[in-house]
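Asks: Starting from these lines, generate the structure:
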Amino acid sequence: MKIVVLDGFTANPGDLSWEALKVLGECTIYDRTAPEELLERAAEAEVVLTNKVVIKAKHMEVLPALKYIGVLATGYNVVDVAAAKERGIVVTNIPAYSTSSVAQMVFAHILNITQRVGYYSEEVHKGRWTQSADFCFRDTPLIALRDKKIGLIGLGNTGYTTARIAIGFGMQVYAFTSKSPFQLPPEIKKKELDELFSECDIVSLHCPLTEETRGLVNARRLALMKPTGILINTGRGPLINEQDLADALNSGKIYAAGVDVLSTEPPRADNPLLTAKNCYITPHIAWATTAARERLINLAVGNLQAYINGKPENVVSK
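Replies: Modelled structure (predicted):
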């Protein structure tokens, strides 16, 4: 069986092993694949693994050997799943491999904004503590999380894990979720979407990107937030209207934002969030802890092994 990994670098830049995958067939691994290279590299492959390389119906039509597409991520919008189903191609994804890592990043952003760890470290290295007249040095507000209200939009695996961390900090936790109040633990209260924006001190996005959620955070909803409000996005970039968020930050309508995802990645140089006030951006790395990437590869191998055994798992092309 011929196996091709189209873009393996982000999952494994060299610090992990592909050996378990190589055991399953003749395996070729590319760090990156440009769109124009896809057909040549996937030719004669029965199995293709992709992270961000888009596989459309027109590609499947000229790849007659293709029987299996493994997405090296949870989201699988890079594959035309309907076309795959029509052609009998199995498509799988990797659910819940980075749940704890993403929740950890949510609080990395929250703590950076409220405790200003990065800022103060830089100021100390500049000599400002050395020059201080007092035993401590501070020139910004420091915000305690206890009793603050955090609103989670979406309460799947990552949203729920984030909620448990928030509870540990003594925060009041609210969620906009399809779950009924009876399905929620007593520490998590259900809220309508606009209520969550207007009442919570921190809003964190954990919902999938759909046509309904695209641009969910816009000027109207940002105007509902407190001027001390903080927005966190570790979900998908297009959940936010980025110009509206930049305007809200620059005008002081909200206090700060921490985002790990943007609408276009890598971002365009003119993305308004790159120059927005109090906007802290990490380069889509919430998922990328060593432990999470190792789970990703192991689960990808497990999915393929299950397919070979005739009992495919995590199939999204049903």
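Asks: make it CA atoms for all contacts and neighbour counts henceforth
Replies: Noted.
Asks: buried stuff in stretch 128-137?
Replies: Of all the residues in stretch 128-137, those buried under the rule 16 or more other C-alpha atoms under 10 Å are residue 129.
Asks: What of stretch 46-60?
Replies: Residues 46-53, 55, 60 are the ones in stretch 46-60 that count as buried (16+ other C-alpha under 10 Å).
Asks: So which of these sit within helices?
Replies: residue 60 (DSSP state H).
Asks: Tell me how many other residues crowd residue 94.
Replies: By the criterion of other C-alpha atoms under 10 Å, residue 94 has 24 neighbours.
Asks: Helix, strand, or coil at the spatially closest residue to it that is not a sequence neighbour?
Replies: Once flanking residues are discounted, residue 94 sits nearest to residue 74: 4.8 Å by C-alpha to C-alpha, 6 or more residues apart in numbering. Secondary structure for residue 74, judged by DSSP: H, G, I helix; E, B strand; the rest coil, is coil.
Asks: residues touching residue 74, list them.
Replies: 93-96 (C-alpha atoms under 8 Å, 6 or more residues apart in numbering).
Asks: just to revisit the earlier point, mind putting the buried residues of stretch 46-60 in CSV, distance to residue 257 and pLDDT included?
Replies: Listed next are the buried residues of stretch 46-60 as CSV, based on distance: C-alpha to C-alpha, whole Å; pLDDT from 0 to 100:
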residue, distance to residue 257, pLDDT
46, 44, 98
47, 40, 98
48, 37, 98
49, 34, 98
50, 31, 98
51, 27, 97
52, 26, 96
53, 29, 98
55, 33, 98
60, 40, 98
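Asks: How much space separates residue 209 from residue 83?
Replies: As for residue 209, its distance to residue 83 is 20 Å (criterion: C-alpha to C-alpha, to the nearest Å).
Asks: And for residue 123?
Replies: Distance of residue 123 to residue 83, given as C-alpha to C-alpha: 55 Å.
Asks: Mind listing what's buried along the longest helix seen in the chain?
Replies: When the chain is parsed with DSSP H, its longest helix is helix 290-308. Neighbour counts over helix 290-308 (16+ other C-alpha under 10 Å) mark 292-305, 307 as buried.
Asks: who does that helix touch, helix- and strand-wise?
Replies: In terms of contacts (3 or more C-alpha pairs under 8 Å, 6 or more residues apart in numbering; DSSP states H and E), helix 290-308 is packed against helix 19-22, strand 68-71.
Asks: what's the domain layout of this structure?
Replies: What the TED database lists as the domains of the chain is 2-97+290-309, 99-281.
Asks: Pick out the most distant pair among the buried residues of helix 290-308.
Replies: Farthest pair in the buried residues of helix 290-308 (C-alpha to C-alpha) is 292 and 307. Separation: 22.4 Å.
Asks: still on that earlier bit, can I get the longest helix of the chain as PDB, trimmed to CA atoms?
Replies: What follows is helix 290-308, C-alpha atoms only, in PDB (Å, rounded to 0.1, in the frame of the first residue of the first chain):
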ATOM      1  CA  THR A 290       4.900  17.800  22.000                       C
ATOM      2  CA  ALA A 291       2.400  15.600  23.900                       C
ATOM      3  CA  ALA A 292      -0.500  16.700  21.600                       C
ATOM      4  CA  ARG A 293       1.500  16.200  18.400                       C
ATOM      5  CA  GLU A 294       2.600  12.800  19.600                       C
ATOM      6  CA  ARG A 295      -1.100  11.900  20.300                       C
ATOM      7  CA  LEU A 296      -2.000  13.200  16.800                       C
ATOM      8  CA  ILE A 297       0.500  10.900  15.000                       C
ATOM      9  CA  ASN A 298      -0.400   7.900  17.200                       C
ATOM     10  CA  LEU A 299      -4.100   8.500  16.500                       C
ATOM     11  CA  ALA A 300      -3.500   9.000  12.700                       C
ATOM     12  CA  VAL A 301      -1.700   5.600  12.700                       C
ATOM     13  CA  GLY A 302      -4.500   4.000  14.700                       C
ATOM     14  CA  ASN A 303      -7.100   5.400  12.200                       C
ATOM     15  CA  LEU A 304      -5.200   3.900   9.300                       C
ATOM     16  CA  GLN A 305      -4.700   0.600  11.000                       C
ATOM     17  CA  ALA A 306      -8.400   0.400  11.800                       C
ATOM     18  CA  TYR A 307      -9.100   1.100   8.100                       C
ATOM     19  CA  ILE A 308      -6.700  -1.700   7.000                       C
END
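Asks: Go ahead and name everything in contact with it.
Replies: Helix 290-308 is contacted by residues 11-12, 16, 18, 20-21, 24, 70, 72-73, 92-94, 97-98, 101, 287, 312-314 when judged by C-alpha under 8 Å, 6+ apart.
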